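J.: I would like to see how this sequence folds:
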Amino acid sequence: MMTLLVLCAVLTSVTGWAAPTAVAAQRHDDQARYFAERLRTSPVYISDQVPRTVPRSAAPAFVAQAERTGVPTYVLVLPFSVAIDGEELLPAVHDRLGRKGLYVLLGADGGGGWGDIEAETYGVRVPADRAVDTATDWLPDDATALDLFTRFVDGLRDGGDASGSGKKPAALYTSPEAREGQGTVTGVLTVVLPVLVLLLGVAYCLRHRGFRKWLWVPLLGSAALALVVPFGARAAFSDTRATGDPAPTARDMRLRTERVAAGLREGPVYVDAESVPALSPAQRRSLAERLDALDVPVRVVVLPLDYADESRGHADVFAERLHQALGQDGVYVVAHIDTFGSITVDLANYGAKLADTELHDLDEWVEYGPEDTDTDADPALQQRLMKLAEHIADTPQGPPGRPEVARDIPDPVAEDTLPPVLSGPFWSGVRGGAVGAGALCVAGRAVMGVRRLRGGHTPARVGTAVEAPAAPGTGWLRRTANSPLSRRTSTVSTAEAATRCTAMCGTAWTRRRCCWIRTAISTSMPTAGAVISRRHWR
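T.: Predicted coordinates:
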């Protein structure tokens, strides 16, 4: 009896532990089957729902990295709303594919955060867990999915260390905000630096009379700086894209719309195959039967919308593109799944004869669902869509519907293209630099005026000693000897010149320094030079 009780307890604990696993596997069964079929044809599968971040045309780059692992590698690149279930999805995919190897799931957003990469090994020995941890820790937030996978593979080849023993970078790419700052700073420096060099250089040359002939040097230097600074910045900041994501092609941007349109040609209800099924097969059939019974054609699409897709997350844009791809009028219902499983219902009328105001007057429960929606799926979605069908049936007739023009969304290539450094912010910086340079000139002029007022003096009278520094330099002696005397050589007598020079020299100077004055005077007035020599050194 005791043995039977113990056996029952063990079986209960085992089944209790296995039940969640079985439920999770069943929940991802359709997804896993879909992905396994794609991985049989290629070891890398990229979702068609993220063309703005990882276009499907970038698959060869991922294949090249997968071949570097040295083991069979299977890679899934999926939207974050799907990749968030990687711990449950990868084992299910392996069970369906039935092949040994390394299984990697990448979030299309890239980056180095939680949920961006999951890796599982089956029958191979590689340090996958450590490589995942070091790769996510080392990469900054602007890293792409390809950057993350490349760093992960580097870690596998280096014993699990994906950091490469290097310092973690703050960013891998130049953001639009950083480019704006580069342009502004370049504009300011383009004006301020040349003006500063010009002011300081000219002031120095004018203060030192022997350098007046070199006034062209600061003029040329400031002109050179005005050219070197902007063009040097353009060469230094030459990157043209704000991300490392490959630019999508027009084909990449059409793939999902064409896939959904092909599904709607087979029936009025389409549920995204890459996501956890929001409707069971039986629910789809009953909903399709109800829609077929309506007087106007109605098509329902259940799928996730994200900023990385062709519509940039806008249901009206997706409905417009779907209508163009399908080429059939009717009411298009888009039940879009957000990142954490909530489903919002939007509709657009293309040509159906229904009163527009009444058609769009939806019940809040139909449009947004219950407040306590489960994060994995909306259990009330089928009831919401059935009630929507009843609402459409009760809508009175009206003129053929023509929805408003869908909002403009940025071009997938243009939105990641950086403006040149010498563009708008640069000219704003030039204007700001001009104001700053003007203020600098005014301030410099004011400082020079104050210094002149504080340091001014009247010329010394003949026969009195000129105020001089305690230890005059050779340059000061030369200027003192040459300038006042040479200008008045024709009007000053020999005795007067000798007396003035002796007064200026005083008695505290050294023989070597006074020799400059004696030599200068002797050149033009030999007699005065002789008198000075006799008075000062006898």
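
J.: Show me which residues of stretch 315-327 are buried.
T.: Residues of stretch 315-327 classed as buried by neighbour count (16 or more other CB atoms under 10 Å): 315, 316, 317, 318, 319, 320, 321, 322, 323, 325, 326. Yep, even glycine has a C-beta here, placed from its N, CA and C like the rest.

J.: Using a markdown table, please lay out these together with distance to residue 63.
T.: Shown next, in a markdown table, are the buried residues of stretch 315-327 (distance: CB to CB, whole Å):
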| residue | distance to residue 63 |
| --- | --- |
| 315 | 34 |
| 316 | 36 |
| 317 | 31 |
| 318 | 29 |
| 319 | 34 |
| 320 | 34 |
| 321 | 29 |
| 322 | 31 |
| 323 | 35 |
| 325 | 29 |
| 326 | 33 |
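
J.: for stretch 213-230, which positions count as buried?
T.: Quick answer for stretch 213-230 (16+ other CB under 10 Å): 218, 219, 221, 222, 225, 226, 229, 230.

J.: so can I have a markdown table of the residues you listed showing distance to residue 259 and pLDDT?
T.: Shown next, in a markdown table, are the buried residues of stretch 213-230 (distance: CB to CB, whole Å; pLDDT from 0 to 100):
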| residue | distance to residue 259 | pLDDT |
| --- | --- | --- |
| 218 | 68 | 84 |
| 219 | 67 | 86 |
| 221 | 63 | 88 |
| 222 | 62 | 89 |
| 225 | 57 | 90 |
| 226 | 56 | 90 |
| 229 | 52 | 92 |
| 230 | 48 | 92 |
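
J.: Isn't residue 61 up against residue 145?
T.: No. Residue 61 lies out of contact with residue 145 (CB atoms under 8 Å); the separation is 10.1 Å.

J.: of those two, who's got more company?
T.: Neighbours were counted for residue 61 and for residue 145 using other CB atoms under 10 Å; residue 145 has more, 27 against 15.

J.: for residue 436, what are its contacts?
T.: 188, 191, 192 (CB atoms under 8 Å, 6 or more residues apart in numbering).

J.: Just the buried residues of whichever helix or strand residue 204 is part of, please?
T.: For residue 204, the element it lies in under DSSP states H and E is helix 176-207. Within helix 176-207, the residues that count as buried by 16+ other CB under 10 Å are 179-180, 182-199, 201-202, 205.

J.: go on, stretch 239-250?
T.: Result for stretch 239-250 [16+ other CB under 10 Å]: buried residues 242, 243, 244, 245, 246, 247, 248.

J.: Extract the C-alpha set from it and format it as CSV.
T.: The C-alpha coordinates for stretch 239-250 follow below in CSV (Å, rounded to 0.1, in the frame of the first residue of the first chain):
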residue,chain,number,x,y,z
ASP,A,239,29.3,57.8,-42.4
THR,A,240,26.1,58.0,-44.4
ARG,A,241,23.7,55.7,-42.5
ALA,A,242,22.5,55.8,-38.9
THR,A,243,22.4,52.0,-38.6
GLY,A,244,24.2,48.9,-39.8
ASP,A,245,20.9,47.3,-41.0
PRO,A,246,21.1,46.5,-44.7
ALA,A,247,18.9,48.7,-46.8
PRO,A,248,15.7,46.8,-47.9
THR,A,249,14.8,46.4,-51.5
ALA,A,250,11.3,47.1,-53.0
